[in-house]
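J.: Need the 3D shape of this:
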Amino acid sequence: MIEDCPVPIGNNGAWAELPSKPVLDREGRRAKPDGKPRYSAIMKWRDRELQDRVSQAVIELVRAARPDVLEDGVA
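T.: Residues are numbered from 1 along each chain as shown. So this is what the prediction gives:
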């Protein structure tokens, strides 16, 4: 089971991502070299096809459970 998968919405619609962890600087604070927090992958898909299939399945599950939350994003 994978928990806490973010589902961002962009210009091309919604997609599901694997969870990630924040990158920390030497003092243990969140690294923000360009003003935006950086994140590091903790898991990766073996290929893009699998990533896209899982993302589409997650989007369908979210829409089934909460049709209102993705109304502005088309996946």
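J.: What sits closest to the spatially most central residue of the chain if chain neighbours are left out?
T.: Nearest residue to the geometric centre of the chain (Cα atoms, centre = their mean): residue 17, 2.7 Å. Nearest non-adjacent residue to residue 17, counting by Cβ to Cβ, 6 or more residues apart in numbering: residue 6, 4.9 Å away. For glycine as for every other residue, the C-beta is placed from the backbone atoms N, C-alpha and C.
J.: In contact with the one you found, which residues?
T.: Residue 6 is in contact with 16-17, 19, counting by Cβ atoms under 8 Å, 6 or more residues apart in numbering.
J.: same thing with residue 39?
T.: Shown in contact with residue 39 (Cβ under 8 Å, 6+ apart): 20-23.
J.: Specify the beta-bridge partners of it.
T.: With DSSP bridges as the criterion, residue 39 is bridged to residue 22.
J.: if we can go back for a sec, for the contacts of residue 39, which one is nearest residue 65?
T.: Lowest distance from residue 65 to those (Cβ to Cβ) belongs to residue 20, with 23.0 Å.
J.: I'd like the distance between that closest one and residue 53.
T.: Counting by Cβ to Cβ, to the nearest Å, the gap from residue 20 to residue 53 is 20 Å.
J.: Which pLDDT value belongs to residue 67?
T.: Turning to residue 67, the model gives it a pLDDT of 86.
J.: roughly how far apart are it and residue 12?
T.: From residue 67 to residue 12 the distance is 20 Å (Cβ to Cβ).
J.: mind listing the helices for this structure?
T.: Using DSSP state H, the helices of the chain run over 48-65.
J.: Spit out the contact partners of the closest residue to residue 41 other than its chain neighbours.
T.: The shortest distance from residue 41 to any non-neighbouring residue, by Cβ to Cβ, 6+ apart, is to residue 20 (5.5 Å). Residue 20 is in contact with 39-42, counting by Cβ under 8 Å, 6+ apart.
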